[in-house]
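*Asks:* Give me a 3D structure for the following:
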Amino acid sequence: MTLKGNKGEWSELYTFLKLLADGRLYCGDGNLNRYDDKFYPILEMFRDDSPNRNTYKVQAAKNNILIVGETVNIEIPQERFKQEATILLEHIKDLDNNTDFSYLEPFMDMIDNHTVKAKSTDKADIRIVIHNLQTGSKPELGYSIKSKLGADSTLINSNKDGTNFIYKVQGLNQEQADAFNSFDKFKKKFNYLKSIGATVSYYKAANSILHNNLTLLDLGIERIIADSLIDYYSGMGRTIAEVTEHISKADPLNIINDTDQPMYAYKVKQFLLAFALGVTSTTPWYGNFHANGGYIVVKEDGEIICYHFFDRNDLENYLFYNTRFETPSTSRHNFGDIYKEKDEFFLKLNLQVRFK
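*Replies:* I've put the predicted structure just below:
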């Protein structure tokens, strides 16, 4: 068995070991701070969704973990999981091409777990049966794991045409279009359009699946995101929060009439939440969330906090205040230059959202 993975993938295994050691899933606020008095006891954990998966049961009274599966039936002290998680965390922090994880193989064999990253058919990286002390329920929930130990992870991945938005560009000629295309920075491109009096207006999503998914989510969100991309690429803001504030003042949907209600911020939060828990740009969405538990975040110091779907205000705020737009490769994703079709000029801008 050769164990390999990047920091994000190793973080999934670390999360699994650490949570079994703790036996609790702590909640966090919108600023990544842990609520010490707000947590859910963990009853069971699973690393995949297969029918014959192993069950890792937290036996709090015995301070151990009971592992039951087709080829395993063993009890291991939680203290052993704590030790292994602590050592693994230091290896992840120091990860390079020479980092040796072979020390972990005997323990992985013992707990009958042979992969760094769990296999999954949806956005859930881990499944946990928690005890909701408020309701008494004991649901099995799927969670997506995001790690701050490595590179910033993406919330919405760019996709060629899958995440492209198309705009009409009016008030320019071919020579001016060529001049626009010659600039190497988007801020220069948009400043040039402004200097010649050209206008950019939203036309449509390049991908009908993305259009349908956004329409199902909210009738106005496609226009909001399209206008947000113009603001981002023209240099008016980078983070989701600051761009949304600018869009709110512009009010492209004409929905703010003498009210202080957060019309645009609320809609953008629902957009981020949907993509965090199940929506993609290339698969038709039917309104169901797959990571129905929420988000688990591994912080730089190894502390683990969770944003539960049923504590959605904290989850929404975490997503809203901790994400930013990003520019992917223009050549790979076929966007960024003005092109002509049937005597009209068009421009594609690509959507990618990353945690900051």
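*Asks:* which regions of this protein sit below the pLDDT cut-off?
*Replies:* 1-2, 119-122 (pLDDT under 70).
*Asks:* try 50 this time
*Replies:* Applying pLDDT under 50 to the chain flags no residue at all.
*Asks:* Domain parsing of it, as residue ranges.
*Replies:* 7-151, 164-285+323-355 (automatic domain parsing).
*Asks:* Report the distance from the first one to the chain centre.
*Replies:* This points to domain 7-151. Relative to its chain's centre, domain 7-151 lies at 19 Å (Cα atoms, centre = their mean, to the nearest Å).
*Asks:* Just give me the neighbour total for the closest residue to Lys299 other than its chain neighbours.
*Replies:* Nearest non-adjacent residue to Lys299, counting by Cβ to Cβ, 6 or more residues apart in numbering: Lys148, 5.5 Å away. (C-beta placed from N, C-alpha, C; glycine too.) Applying other Cβ atoms under 10 Å, we find 20 residues neighbouring Lys148.
*Asks:* tell me the contacts of Lys148?
*Replies:* Lys148 makes contact with 297-300, 355 under the criterion Cβ atoms under 8 Å, 6 or more residues apart in numbering.
*Asks:* got it, and Asp161?
*Replies:* Here Asp161 is in contact with 206-207, 333-334 (criterion: Cβ under 8 Å, 6+ apart).
*Asks:* Same check on Tyr202?
*Replies:* For Tyr202, counting by Cβ under 8 Å, 6+ apart, the contacting residues are 165-168, 223, 226-227.
*Asks:* Roughly how far does it sit from Pro252?
*Replies:* Applying Cβ to Cβ, to the nearest Å, the value for Tyr202 to Pro252 is 9 Å.
*Asks:* so what sits against both of these two?
*Replies:* 223, 227.
*Asks:* Run through the residues that contact the residue nearest the centre of the chain.
*Replies:* Centroid check for the chain by Cα atoms, centre = their mean gives Leu155 as the closest residue, at 2.8 Å. By Cβ under 8 Å, 6+ apart, Leu155 lies in contact with 272, 275-276, 319, 323, 353-355.
*Asks:* Checking it next. Helix, strand or coil?
*Replies:* Secondary structure for Leu155, judged by DSSP: H, G, I helix; E, B strand; the rest coil, is strand.
*Asks:* Excluding chain neighbours, give the residue nearest to Val298 in space.
*Replies:* Ser147 is the one closest to Val298 (Cβ to Cβ, 6+ apart), at 4.2 Å.
*Asks:* For that neighbour, give me phi and psi.
*Replies:* phi -110, psi 140 (degrees, to the nearest 10).
*Asks:* Verify the contact between it and Asn6 for me.
*Replies:* No. Look at Ser147 against Asn6 with Cβ atoms under 8 Å: they stay out of range, at 9.5 Å.
*Asks:* Compare these two (neighbour count), which wins?
*Replies:* A side-by-side neighbour count of Ser147 and Asn6, using other Cβ under 10 Å, places Ser147 first with 25 against 15.
*Asks:* TSV for the domains of the chain, including distance to Ile304?
*Replies:* Output for the domains of the chain, formatted as TSV (distance: least, Cβ to Cβ, whole Å):
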stretch	distance to Ile304
domain 7-151	6
domain 164-285+323-355	16
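*Asks:* do you know which of these lies nearest Asp311?
*Replies:* For Asp311, the closest of the domains of the chain is domain 7-151, at 6.1 Å, according to Cβ to Cβ.
*Asks:* Now Asn207: phi and psi?
*Replies:* phi -110, psi 120.
*Asks:* Distance check, the nearest residue to it once chain neighbours are set aside against Thr330.
*Replies:* Distance criterion Cβ to Cβ, 6+ apart; nearest residue to Asn207, sequence neighbours excluded, is Gly162 at 4.9 Å. Between Gly162 and Thr330 the computed distance is 15 Å (Cβ to Cβ).
*Asks:* So for those two, which sits in the more crowded spot?
*Replies:* Ranked by neighbour count (other Cβ under 10 Å), Gly162 and Thr330 place Gly162 first, with 19 against 14.
*Asks:* quick one, helices of this protein?
*Replies:* If DSSP state H is used as the criterion, the helices of the chain fall at 7-22, 78-93, 105-110, 174-182, 186-196, 208-217, 221-233, 240-250, 263-277, 312-321, 330-333.
*Asks:* by contact count, what packs against the fourth one?
*Replies:* Translated: helix 174-182. In terms of contacts (3 or more Cβ pairs under 8 Å, 6 or more residues apart in numbering; DSSP states H and E), helix 174-182 is packed against helix 186-196, strand 338-341.
*Asks:* hang on, the earlier thing: out of the domains of the chain, which is closest to Gly293?
*Replies:* Going by Cβ to Cβ, the one of the domains of the chain nearest Gly293 is domain 7-151, 3.0 Å.
*Asks:* now for the top strand by length along the chain, which elements pack on it?
*Replies:* In the chain, assigned by DSSP state E, the strand with the most residues is strand 34-46. Applying 3+ Cβ pairs under 8 Å, 6+ apart, one finds that strand 34-46 makes contact with helix 7-22, strand 24-28, strand 55-59, strand 126-130, strand 304-308.
*Asks:* most packed of the ones you listed?
*Replies:* Mean neighbours per residue, mean count of other Cβ atoms under 10 Å, is largest over those for strand 304-308, with a mean of 24.
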